[in-house]
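> Everything below, folded, please.
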Amino acid sequence: MKPMGPLPAEFARQTGDLVIAGRSARDWVAAAGDTPLFVYDTAIIAARVARFRAAFPCVDLHYAIKANPHPMLIERVAPMVDGLDVASAGELAKALAVKAAGAISFAGPGKRDGELDAAIRAGATLNLESEGEARRALVIGERLGMTPRLAVRVNPDVELRGSGMRMGGRPSPFGIDASRAAAVIRLVIDSGADWRGLHIYAGSQALDPQAIIDTQAATIALAARLADAAGATPSLVNLGGGFGVPYFSGDTLLDVESIGAALRVAIDDRPPVLRDTRFAIELGRWLVAESGVYLTRIIDRKESQGETFIVTDGGLNHQLAASGNFGTVVRRNYPIALAHAVNEPPVETVSVVGPLCTPLDRLGDHVGLPVSEPGDLVAIFLAGAYGASASPTAFLGHDPASECIA
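Numbers count the residues shown, from 1 in each chain. Here you go, the predicted structure:
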């Protein structure tokens, strides 16, 4: 039997039938019409936002909608946060439907001219990823007769230790190397564009609070060096995010309160060149991951050479991350439960597999569960981030999963 990750706190206290946002899993399936489906409890998201606000009272909160771009979920989250961060024209359109353009920033290393045009026309902030992108944005702004809002995304000379995806301290398609960023800031300012500040993102999915504390301190110091070199104070420094959630056995909840306390000190002691600068933290996964549950029905159970396989009607085509094929090197088990027997002791060791014709379609590898039968519901937790939209939904032509917002 292989271990699985811990259930989120809101579900860890339950026994018997799984309840999501006050309704049983069976009720959610009945309302959706069938499995598979995702259910997102926005009360859990609101609780995460409240926890952030308490820990970081003087820092803006941005939601990175790539974590979960479902339009209804974005609509619920938008009033809770100060800004929305997008990474495509499609995400920009969704953000503009629920948030003023001045609160939207657009990152990504491959923005097409049409996307630059759309952002400038709307009045959103473009986070510039290269000198070439800066020049293209300035040309488009001149052609439109509009003043573009431009921030400079920096590839920092520091990495976020222990992060799942390290995005700093190395060659990167993301951002402008710290050694060249001041020159781009001057280019933006001297062109007459509206310089909106800095975006500095060093990594994601970190669970070590001290690593995040150290990275934030280094980021503030870098922002000050760049401001001094460019001779201009940034109105905003986006410190990135990187806050992780406990997916796997041995993972622990991130102590955001200690991070907040350290950041308050760092901001209070910031260099004079940043005295009038606002700071923001950009979060996606930490806000929404634990709000989501993926429900899939058991179609069959079979024995093969002494092993038991539970075959479900959903798999990696909907929940790629849980199959271990999205951003992990070693496959480990997400928290899984039978929806009618949450937190009941395991009776048998099974592998939970999806319906796809590939051995990669494995949602649970030799996990311990109560005895299950065809027709029972399997729940996979931490499905609120990088689930449906980050999975190959067209693979093998199965129907997409439903998504329900509570």
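> alpha carbons only for contacts and neighbour counts from here, please
Noted.
> check contacts around residue 354.
311, 312, 313, 314, 315, 316, 361, 362, 363 (C-alpha atoms under 8 Å, 6 or more residues apart in numbering).
> Now with 10 Å, please.
Shown in contact with residue 354 (C-alpha atoms under 10 Å, 6 or more residues apart in numbering): 296-299, 309-319, 323, 360-364.
> Could you check the pLDDT of the closest residue in space to it that isn't next to it in sequence?
Taking C-alpha to C-alpha, 6 or more residues apart in numbering, and ignoring the residues beside it in sequence, residue 354 has residue 315 as its nearest neighbour in space, at 4.1 Å. The predicted structure scores residue 315 at 96 on the pLDDT scale.
> Can you get me a residue count around residue 222?
18 (other C-alpha atoms under 10 Å).
> Please settle this for me: is it part of a helix?
Yes: inclusion of residue 222 in a helix is indicated when DSSP: H, G, I helix; E, B strand; the rest coil is applied.
> what about residue 237, which helix or strand?
In this structure, residue 237 is located in strand 236-238 according to DSSP states H and E.
> Which strands or helices does that strand pack on?
Counting by 3 or more C-alpha pairs under 10 Å, 6 or more residues apart in numbering; DSSP states H and E, the packing neighbours recorded for strand 236-238 are strand 60-64, strand 149-155, strand 194-200, helix 209-230, strand 278-283.
> most tightly surrounded among those?
Sort the helices and strands packed on strand 236-238 by mean neighbour count, taking mean count of other C-alpha atoms under 10 Å, and strand 149-155 sits at the top with a mean of 28.
> ok, back up a step: distance from the strand holding residue 237 to the middle of the chain?
Relative to its parent chain, strand 236-238 has a centroid offset of 19 Å by C-alpha atoms, centre = their mean, to the nearest Å.
> now swap in stretch 43-54 and tell me
Using C-alpha atoms, centre = their mean, the distance between the centre of stretch 43-54 and that of its chain works out at 15 Å.
> Could you list the residues in contact with that stretch?
Stretch 43-54 is touched from outside by 8-10, 21, 42, 55-56, 59-61, 73, 76-77, 80-81, 256-257, 260, 281, 286-292, 384, 406, with contacts defined as C-alpha under 10 Å, 6+ apart.
> Show only the entries of these found in helices.
Counted as lying in helices by DSSP state H, out of these, are 9-10, 42, 55, 73, 76-77, 256-257, 260, 286-288.
> Do I have it right that residue 290 meets residue 334?
No: with the criterion set as C-alpha atoms under 10 Å, residue 290 and residue 334 do not qualify as a contacting pair; they are 11.6 Å apart.
> How many residues are close by residue 328?
Neighbours of residue 328 under the rule other C-alpha under 10 Å: 13.
> Who are the packing partners of the strand ranked longest in the chain?
Of all the segments of type strand in the chain, defined by DSSP state E, the longest one is strand 292-304. In terms of contacts (3+ C-alpha pairs under 10 Å, 6+ apart), strand 292-304 is packed against helix 25-32, strand 37-40, helix 42-55, strand 307-312, strand 336-338, strand 348-353, strand 377-380, strand 402-405.
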